[in-house]
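Asker: Have a look; sequence and predicted model below, questions after that.
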Amino acid sequence: QSATTLYGVVDAYFSYGKMGDNRKTGIDPGGLTGSRVGFRGTEALGNGVAAVFALEYGLLNDANEGIGTTGLRARQQFVGLKGSFGFAGLGRQYAPGYYVFKYDAAIGTPWGPQAMLGIKAGATIVPASPARANNALNYISPNMGGLTVNTIYAFSEENQATNRRQGDRFSIGAEYANGPLGANVIYHLGRNMPAAVGRDDKKEWYAGGSYNFGVVTLLASYQQVEQDSDTNKVYQVGAIAPVSSAGKLHFAIGRLDHENSAMDATNLTVGYGHALSKRTTAYAFATRVNNDSAQDATFVASAVGQTGENSTSLMVGVNHTF
Amino acid sequence: QSATTLYGVVDAYFSYGKMGDNRKTGIDPGGLTGSRVGFRGTEALGNGVAAVFALEYGLLNDANEGIGTTGLRARQQFVGLKGSFGFAGLGRQYAPGYYVFKYDAAIGTPWGPQAMLGIKAGATIVPASPARANNALNYISPNMGGLTVNTIYAFSEENQATNRRQGDRFSIGAEYANGPLGANVIYHLGRNMPAAVGRDDKKEWYAGGSYNFGVVTLLASYQQVEQDSDTNKVYQVGAIAPVSSAGKLHFAIGRLDHENSAMDATNLTVGYGHALSKRTTAYAFATRVNNDSAQDATFVASAVGQTGENSTSLMVGVNHTF
Amino acid sequence: QSATTLYGVVDAYFSYGKMGDNRKTGIDPGGLTGSRVGFRGTEALGNGVAAVFALEYGLLNDANEGIGTTGLRARQQFVGLKGSFGFAGLGRQYAPGYYVFKYDAAIGTPWGPQAMLGIKAGATIVPASPARANNALNYISPNMGGLTVNTIYAFSEENQATNRRQGDRFSIGAEYANGPLGANVIYHLGRNMPAAVGRDDKKEWYAGGSYNFGVVTLLASYQQVEQDSDTNKVYQVGAIAPVSSAGKLHFAIGRLDHENSAMDATNLTVGYGHALSKRTTAYAFATRVNNDSAQDATFVASAVGQTGENSTSLMVGVNHTF
């Protein structure tokens, strides 16, 4: 009856971090990509149309936690239809901004400039949880000569009598992928977000691209987050260079230009990934963050009480996909 | 080693509700049937006896929730034996009252009169969570010429020194299914339930039936809930009519006759289900609830502060079984 | 793509307990072995090396709980490499002390003397949750003529600025298994554990063994837990005797010699397990606990307010592995 696929990622790494006088050593989950377990399936309905679903949950595989019991609980949970018209789905789904990991030389890792500085900018256009949307309608166009348009509308369902659209989210992205070139332009709108009387709409823009020159792929992006007359900006450039049939070097640098200039930060990340097989990758990454006096961006080390200090993090781990 | 089956339901729908001045729009999970994921298996032990189990969890597939992390966590979790003697199981299991969805033209949907008014009557004989029992022994007889007897005893385990049976539940149902006719008579007893000194036993009776005339199936039920000298009653009738090889119309109306006459309510539900395949169904339903002055029954719209107002709900969605 | 195995245990039993005036009757989960569901897999990487993982969660299959949502959430969650060098893994893993169930005639059941008295002694060398370690590096040697060395280091990650190793755990076990003889010597060290200024290190020793004489297997162990100049000791002996091709008798007795002599206790457990098949076992066990005046060890009955009373528990259930 069922052609359901059980799939997932188990990723764990040794981590060391230093920030000011703070140091931390440990084993952590989900470095290269987030640890997860999921179920997905497709059923042909005829006329080229198929029903599709995915139920995918986050795992904290260094801790005493169940399937989606804390933190990132659900990565995505949707049911939808797929066909020549594209894809339409209902549930908890990714906003277009999630896919910026494609233009990030740190491939969306939580220590890379794109994820870390994007979150510090207040962005939902990040390769991380803020890009996920509950109560969402998602429509993705068919591929039109390399161009795909992805839109989502997510209901906040927070207030029923008045201000019914407060907290609602709308996003659209136009992605182009053809041969060596990839690019994406994304707009995210969050109405009075987080839902609160007196907050303006949050408006975000992003443009990113990558070009594969063979010996190296260059990647770059620019994004801004506007709300309540403040504008935060994130600039990011990087390169991925294959050094063998199995190994790749990663170099990424990003800058957060915060509305509050004491909250600017720079993230420099370098790393190496080595494919042990098609489904298993060993990796080592190092990240240096320079924080201005009121900023506390960091990865491994706890930032409690360390605002304004610089931060160094080292991650060595293994990522296994099943 | 393992012939375990992974199975489930992903159901999501667009919802709109109005109650008094309240309105709500959103995407919600589990309309036609509850979203779930489960594992089940059977092992032959010889002599026609088999070990059977099911582990089945609720999903909120519009939200950032894991497998059974909130609300309805476990649907059923049991291990048991099956053979010519019938079935005997241990764990969290369905009481006989769960199966009343078979005599409900709204097929147990949470917006239908059977589920909504049954819950408002304080019933555990409902096609919903109150019918599930923890710490339970379940025995189901073999099919005897169409007749099946289903009994359950559930321990409250709440108080150890005195009143040890306070909160215990006992249920029995006699179901008959033969050709076009189906019927079920059910009795639920909850001792001093919810477990509290000074509460009487809760005693519930239900009788329901259905007859398939071909062009239409007619369904009807009556139930009552007695506790502390109060008696609430729910009357329900309906029809399911196939309109094509794939389409079915649903019509159900129910009345709650509450001990407190200001808490009476009427639910009228009409709907259409269209089978896109064996495992995928699209559906649209509308429900109107008329509440007396102290009642607040509703489906989509929040009832906070809307007591005594009438309610209208519209649901459009897709149900996918895997 | 995936050769992932879905596996698990569903175990439920009827329980009756008495302690002083307290009595309790119910249905409980995980008697013979803990109820669980898990996913595991292996991927060959070449040169005899394989990537391996396990994601395994506890189930309370008598209750309204999801996969790992309460109590014992994760049993183990790791990714690692296996080869001629042995096994090395990262994640939440078993410390060597978990495997003492092999030298326990009550095979690690929570009512047996090894588990119950070990926990009352404050041990992490127990066939139960305290032996599991988060944030852990595990290395297991290859089998060297029957001898296997198992080590684990687990980071507490609790304090970053000072006392960084407070709460860290280190364990080592040397296990020998050859023909009828099995033995294990284990050392567990918990630095200032539970992590708190002013606590000494917790140091635990264990030695256990078993010998299969054919008509009966004899098992015995001794362990001690030292902390803050206190030493608690647990002595345990037992026997497992096959009485038919499917049936086994279990007899285990253990004594807790607590630093506080009013907290001593004796546990006597007898039981019978009957294999209905390779994967399904029916069982019946009885446990008697004699508590000194300040001890409250018990299994089924609630110990609230019953300190110093003796306790009797009866368990009858079925264990199914899939």
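Answerer: Yep, it's here. Small disclaimer: the values here were computed from a predicted structure and weren't measured.

Asker: Just list the residues touching the closest residue to chain C within the stretch 51-200 of chain A, thanks.
Answerer: Across the stretch 51-200 of chain A, no residue is closer to chain C than A:G66, which sits at 2.0 Å (C-beta to the nearest C-beta). Yep, even glycine has a C-beta here, placed from its N, CA and C like the rest. Residues in contact with A:G66, defined by C-beta atoms under 8 Å, 6 or more residues apart in numbering or on different chains, are B:G66, B:I67, B:T69, C:Y57, C:G58, C:G66, C:I67, C:G68, C:T69, C:R73, C:A74.

Asker: Turn those residues into CSV, columns for secondary structure and pLDDT.
Answerer: Shown next, in CSV, are the contacts of A:G66 (DSSP: H, G, I helix; E, B strand; the rest coil; pLDDT from 0 to 100):
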residue, secondary structure, pLDDT
B:G66, coil, 95
B:I67, coil, 95
B:T69, coil, 92
C:Y57, strand, 98
C:G58, strand, 97
C:G66, coil, 95
C:I67, coil, 95
C:G68, coil, 93
C:T69, coil, 92
C:R73, coil, 94
C:A74, strand, 97
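
Asker: Now the closest residue to the residue of the stretch 51-200 of chain A closest to chain C other than its chain neighbours: phi and psi?
Answerer: Nearest residue to A:G66 in three dimensions, chain neighbours excluded: C:G68, at 2.0 Å (C-beta to C-beta, 6 or more residues apart in numbering or on different chains). Note on C:G68: its backbone torsions stand at phi 70, psi 30 [degrees, to the nearest 10].

Asker: burial measure for C:G68, as a count.
Answerer: Neighbourhood size, C:G68 [other C-beta atoms under 10 Å in any protein chain shown]: 30.

Asker: That one and C:G58 touch, don't they?
Answerer: Yes. With contact defined as C-beta atoms under 8 Å, C:G68 counts as touching C:G58 (5.8 Å).

Asker: Now for the two: what residues contact both?
Answerer: Joint contacts of C:G68 and C:G58 (C-beta under 8 Å, 6+ apart) are A:G66, C:A74.

Asker: The residue in the stretch 201-322 of chain A that chain C sits nearest to pairs with what?
Answerer: Among all residues of the stretch 201-322 of chain A, A:T280 sits closest to chain C, at 4.3 Å; criterion: C-beta to the nearest C-beta. Applying DSSP bridges to A:T280 gives these bridge partners: A:H320.

Asker: Neighbours of it, how many?
Answerer: The burial count for A:T280: 23, using other C-beta under 10 Å.

Asker: I'd guessed A:F53 sits against A:K82; true?
Answerer: No. If you go by C-beta under 8 Å, A:F53 and A:K82 don't touch, sitting 10.5 Å apart.

Asker: more crowded one of these two?
Answerer: Of the pair A:F53 and A:K82, A:F53 is the one with more neighbours under other C-beta under 10 Å, namely 29 against 19.

Asker: mind checking the SS state of A:R164?
Answerer: Put simply, A:R164 is coil when judged by DSSP: H, G, I helix; E, B strand; the rest coil.

Asker: who touches it in this structure?
Answerer: Counting by C-beta under 8 Å, 6+ apart, A:R164 has contacts B:R23, B:K24, B:T25.

Asker: Please list which of those are also close to chain A.
Answerer: B:R23, B:K24, B:T25 (C-beta under 8 Å from any C-beta of the partner chain).

Asker: Top of these by number of neighbours, please.
Answerer: Highest neighbour count within the ones next to chain A among the contacts of A:R164, by other C-beta under 10 Å: B:K24, with 22 neighbours.

Asker: Quick check: that residue vs B:S313, distance?
Answerer: 9 Å (C-beta to C-beta, to the nearest Å).

Asker: who touches both of these two?
Answerer: B:S15, B:Y16, B:G17, B:V300, B:A301.

Asker: Show the buried residues in these.
Answerer: Buried by 16 or more other C-beta atoms under 10 Å in any protein chain shown: B:S15, B:Y16, B:G17, B:V300, B:A301, out of these.

Asker: pLDDT and distance to B:A294 added to those, as TSV?
Answerer: Putting these into TSV (pLDDT from 0 to 100; distance: C-beta to C-beta, whole Å) gives the following:
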residue	pLDDT	distance to B:A294
B:S15	96	26
B:Y16	95	26
B:G17	94	20
B:V300	93	21
B:A301	89	18
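
Asker: These: which ones sit near chain A?
Answerer: B:A301.

Asker: Could you dump the buried ones among the shared contacts of B:K24 and B:S313 into JSON lines with secondary structure added?
Answerer: Shown next, in JSON lines, are those (three-state DSSP):
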{"residue": "B:S15", "secondary structure": "strand"}
{"residue": "B:Y16", "secondary structure": "strand"}
{"residue": "B:G17", "secondary structure": "strand"}
{"residue": "B:V300", "secondary structure": "coil"}
{"residue": "B:A301", "secondary structure": "coil"}
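
Asker: Point out the ones among the ones next to chain A among the contacts of A:R164 that are inside strands.
Answerer: B:R23, B:K24, B:T25 (DSSP state E).

Asker: contacting residues for the last one?
Answerer: Same thing as B:T25. A:F155, A:E157, A:R164, B:F14, B:S15, B:Y16.

Asker: would you list the residues you listed in TSV and tack on distance to B:W111?
Answerer: Converted to TSV, the contacts of B:T25 look like this (distance: C-beta to C-beta, whole Å):
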residue	distance to B:W111
A:F155	18
A:E157	17
A:R164	20
B:F14	13
B:S15	9
B:Y16	12
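
Asker: Tell me which two in those are the farthest apart.
Answerer: Greatest spacing in those, by C-beta to C-beta: A:R164 and B:F14 (14.6 Å).

Asker: What segments of the stretch 1-150 of chain A are strands?
Answerer: A:5-19, A:22-29, A:36-46, A:49-58, A:74-83, A:86-94, A:132-140, A:147-154 (DSSP state E, counting those that start in this stretch).

Asker: Who does A:A207 form a beta bridge with?
Answerer: Beta-bridge partners, per DSSP bridges, of A:A207: A:V185, A:Y222.

Asker: Verify the stated contact: it with A:Q223.
Answerer: Yes. Here A:A207 reaches A:Q223: they are 7.5 Å apart, a contact under C-beta under 8 Å.

Asker: more neighbours, those two?
Answerer: When A:A207 and A:Q223 are compared for neighbours, A:Q223 comes out ahead with 25 against 14, by other C-beta under 10 Å.

Asker: Quick check, pLDDT for the more buried one.
Answerer: With respect to pLDDT, A:Q223 scores 98.

Asker: how near is the nearest residue to A:A262 once chain neighbours are set aside to A:K202?
Answerer: Using C-beta to C-beta, 6+ apart and skipping the chain neighbours, the partner closest in space to A:A262 is A:A294 (3.8 Å). Look at A:A294 and A:K202: by C-beta to C-beta, they are 21 Å apart.

Asker: go on, A:P127?
Answerer: 18 Å.

Asker: Give the residue from these two that has the larger number of neighbours.
Answerer: Per other C-beta under 10 Å, whichever of A:P127 and A:K202 has more neighbours is A:P127, with 26 against 20.

Asker: doesn't A:Y103 make contact with that one?
Answerer: No. Contact between A:P127 and A:Y103 fails when scored by C-beta under 8 Å: they sit 9.6 Å apart.

Asker: Need the residues touching each of the two.
Answerer: Common contact partners of A:P127 and A:Y103 (C-beta under 8 Å, 6+ apart): A:Q114.

Asker: that older thread, which residues does the residue of the stretch 201-322 of chain A closest to chain C contact?
Answerer: Residues in contact with A:T280 (C-beta under 8 Å, 6+ apart) are A:V318, A:N319, A:H320, A:T321, C:E43, C:L45, C:A51.

Asker: Surely the second one and A:S277 touch.
Answerer: No. At 11.2 Å, A:N319 and A:S277 do not qualify as touching, with contact defined as C-beta under 8 Å.

Asker: Same drill for these two, tell me which one is more crowded.
Answerer: Of the pair A:N319 and A:S277, A:N319 is the one with more neighbours under other C-beta under 10 Å, namely 25 against 16.

Asker: ok, now which ones touch the more buried one?
Answerer: A:V9, A:V10, A:D11, A:G31, A:L32, A:T33, A:T280, A:T281, A:A282, A:Y283, C:V79.
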